[in-house]
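Novice: model the structure of this input:
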Amino acid sequence: MTGLSVNVGGRHVSEYFLNTANTFVMPERTTFDAAAVLRRGAYDIGVNIANLTDRERYFVSQINGGGLLYPGERFNAKLVVRYRFQ
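Specialist: Next comes the predicted model:
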């Protein structure tokens, strides 16, 4: 099978508290990702693009009392090549 596939997706996170005392707030954010894959015979060649708008984003850990911030990925692209054994 041969063809081109294009995908675009978004993720919205509302504001939320960073600690159990509710004294620090992480603002809301929206990010978008995209992907394109070209299928040629047994091969797939594609590109995955994360954080299209290059928004700064963070993730919160709730382990051991929470409040730990981890940075998310900035804009980046990954080339993907797959081979399907038949």
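Novice: shaky segments in this protein?
Specialist: Within the chain, the ranges that satisfy pLDDT under 70 run 1-2, 62-67.
Novice: so what's N76 up against?
Specialist: 49-51 (Cβ atoms under 8 Å, 6 or more residues apart in numbering). Using the backbone N, CA and C atoms, a C-beta is placed for each residue, glycine as well.
Novice: any chance of a PyMOL selection covering the buried ones in these?
Specialist: Buried members of the contacts of N76, defined by 16 or more other Cβ atoms under 10 Å, are picked up in PyMOL with:
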select buried, resi 50+51
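Novice: how about the strands in the protein?
Specialist: Ranges of strands in the chain, per DSSP state E, are 3-13, 16-17, 25-26, 29-40, 43-50, 58-61, 68-71, 76-83.
Novice: most centrally placed residue in this structure?
Specialist: A50 (5.0 Å; Cα atoms, centre = their mean).
Novice: got a markdown table for the contacts of N76, with distance to A42 too?
Specialist: Below are those laid out as a markdown table (distance: Cβ to Cβ, whole Å):
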| residue | distance to A42 |
| --- | --- |
| I49 | 25 |
| A50 | 27 |
| N51 | 31 |
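Novice: and which of the contacts of N76 is nearest D33?
Specialist: D33 lies nearest to A50 out of those, by Cβ to Cβ, at 5.1 Å.
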